[in-house]
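Enquirer: Provided below are the primary sequence and the corresponding predicted coordinates.
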Amino acid sequence: MYKILVLFFLTILIVHSKEIHPTYKLKSMGIVNDFVVVKNKIYIANNEGTVDIFDLNSGKIIEQIVLNPLTTKLNKLVPQNIISVDVINDKVLLVSIGNSAYRNVWIYENHTLTQKIDESQKLTIKEARFIDDEKIFLATFASEIILHDTAEQYNLYNKHISQSTMGDIVLSEDKKTVFISDESGEVQLRELESSKLLKTFSSQNVDNVYHIAYAKGILITAGQDRRVAVYQDGIKDYHIKSDFLVYCVGISPSSKVGVYSKGEKSNLQLFDTKNGRKTDELVGHSGIVNQIKFINENELFSSDRGYYVYYWELN
């Protein structure tokens, strides 16, 4: 009787799981590296030296931030590759790759572009995020974390935190702490103001953690070990085993719904974060997924190493 009941409930779950296709796609001017959604706008950074700003009501580009091209040693003009973008109070934070492969950091405000850090400082910045109107947090491939004051133009701290290559960073909702992953499989939780180490998450991944997502006390990781780790406050940690490298994860604002890139076709698998139960699948990507961002419980955007950002509606 027990086996019959189990089979019955599994059948219900399979029947109610479905494939969801994107409602629409937004095409960037170049290959998408990063994007951020703020109110009714999406800011898309690409490898052609632009940040394309779309109005989400019309689906059209309403503004474009353009960096001047670089001049190579052979006197050829090449676009700057913009690898990170963030927004606060209509200020846009950009990170681009310079001629020497070191990074340039820019702030765009009132239609004016100002360089805050140039490649002469020899930083290999992977991501940059606003903490407030004046302070920005920088994370480098060399596992340095930097809190930089853009008004006074100095570093509040510059700290090397690991011998492993940086994986990903995500700020807590209140921007008081930051989660940092690396190729060791660990995730560090640090206080932003002081850089103090508060906690280490290391029980579920055994290899490089490519990407992380966090909301309301739940941390999700995407691992080279084909694991999606789930760390929950007060509840036992667990992981979901995938059949392919997991490159990207996302989490809904309430933390109830998780999502991870799945398989060679880069479909996105939704799951219940409380128990790991898989639900619907998002189908439509054509390359390795690099960003997944919920804007509420029923809508999210995602991108891969292509020209499009995909919009999905969940029932």
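Expert: Thanks, I have it.
Enquirer: and for Lys241, the neighbour number?
Expert: Lys241: 10 surrounding residues under other C-beta atoms under 10 Å. Heads up, the C-betas are built off the backbone N, CA and C, glycines and all.
Enquirer: low-confidence bits of this protein, can you list those?
Expert: Along the chain, segments meeting pLDDT under 70 span 1-16.
Enquirer: okay, now the sheet partners of the helix or strand that contains Ser96, with direction.
Expert: Assigned by DSSP states H and E, Ser96 belongs to strand 91-97. Applying DSSP bridges, strand 91-97 is found paired with strand 81-88 (antiparallel), strand 103-109 (antiparallel).
Enquirer: contacts for the first one, please.
Expert: Counting contacts by C-beta atoms under 8 Å, 6 or more residues apart in numbering, the residues outside strand 81-88 that touch it are 33-36, 38, 43-47, 49-51, 67, 92-97, 103, 125-130, 132-133.
Enquirer: helices of the chain, start to end?
Expert: 2-16 (DSSP state H).
Enquirer: ok so, going back, just the buried ones from the contacts of strand 81-88, in ChimeraX syntax?
Expert: The buried residues among the contacts of strand 81-88 can be selected in ChimeraX (16 or more other C-beta atoms under 10 Å) with this line:
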select :33,34,35,36,43,44,45,46,47,49,50,51,67,92,93,94,95,96,97,103,125,126,127,128,129,130
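Enquirer: and the contacts of strand 81-88, which of them are in strands?
Expert: 33-36, 38, 43-46, 50-51, 92-97, 103, 125-130 (DSSP state E).
Enquirer: tell me which residues touch the closest residue to Leu219 other than its chain neighbours, please.
Expert: Nearest non-adjacent residue to Leu219, counting by C-beta to C-beta, 6 or more residues apart in numbering: Tyr231, 4.3 Å away. When contacts are counted by C-beta under 8 Å, 6+ apart, Tyr231 touches 187, 201, 204, 218-221, 237.
Enquirer: buried members of the residues you listed into PyMOL, please.
Expert: PyMOL command restricting these to the buried ones, with burial defined by 16+ other C-beta under 10 Å:
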select buried, resi 187+201+204+218+219+220+221
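Enquirer: and the contacts of Tyr231, which is closest to Gly59?
Expert: The nearest member of these to Gly59, counting by C-beta to C-beta, is Ile220 at 29.3 Å.
Enquirer: that closest one: what's it in contact with?
Expert: Taking C-beta under 8 Å, 6+ apart, one finds 212-214, 228-231, 249-251, 258, 260, 273 in contact with Ile220.
Enquirer: and Tyr24, by the same measure?
Expert: Contact analysis of Tyr24 by C-beta under 8 Å, 6+ apart lists 59, 311.
Enquirer: the strands paired with strand 91-97: which one's closest to Ile169?
Expert: With C-beta to C-beta as the measure, strand 81-88 is the member of the strands paired with strand 91-97 nearest Ile169 (10.1 Å).
Enquirer: starting at the chain centroid, how far to the closest one?
Expert: Remark: strand 81-88 is offset 11 Å from the chain centroid, using C-alpha atoms, centre = their mean, to the nearest Å.
Enquirer: between strand 125-130 and it, find me the angle.
Expert: Using axes from the mean of the first three to the mean of the last three C-alpha atoms, to 10 degrees, the direction of strand 81-88 lies 20 degrees away from that of strand 125-130.
Enquirer: list the buried residues of strand 81-88.
Expert: If you call a residue buried by 16+ other C-beta under 10 Å, then strand 81-88 has these buried ones: 81-88.
Enquirer: pick out the most distant pair among the residues you listed.
Expert: In the buried residues of strand 81-88, two members sit farther apart than any others by C-beta to C-beta. They are Asn81 and Ile88, at 22.8 Å.
Enquirer: ok, back up a step: which one of the strands paired with strand 91-97 lies nearest to Gly306?
Expert: Closest approach to Gly306 among the strands paired with strand 91-97 (C-beta to C-beta): strand 81-88, 15.1 Å.
Enquirer: and that closest one, C-alpha only, in CSV?
Expert: C-alpha atoms of strand 81-88 as CSV (Å, rounded to 0.1, in the frame of the first residue of the first chain):
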residue,chain,number,x,y,z
ASN,A,81,34.4,44.6,-22.8
ILE,A,82,32.0,45.6,-20.0
ILE,A,83,31.9,42.7,-17.5
SER,A,84,29.9,44.1,-14.6
VAL,A,85,27.1,46.6,-14.1
ASP,A,86,25.2,47.8,-11.1
VAL,A,87,22.7,50.7,-10.4
ILE,A,88,21.8,52.8,-7.4
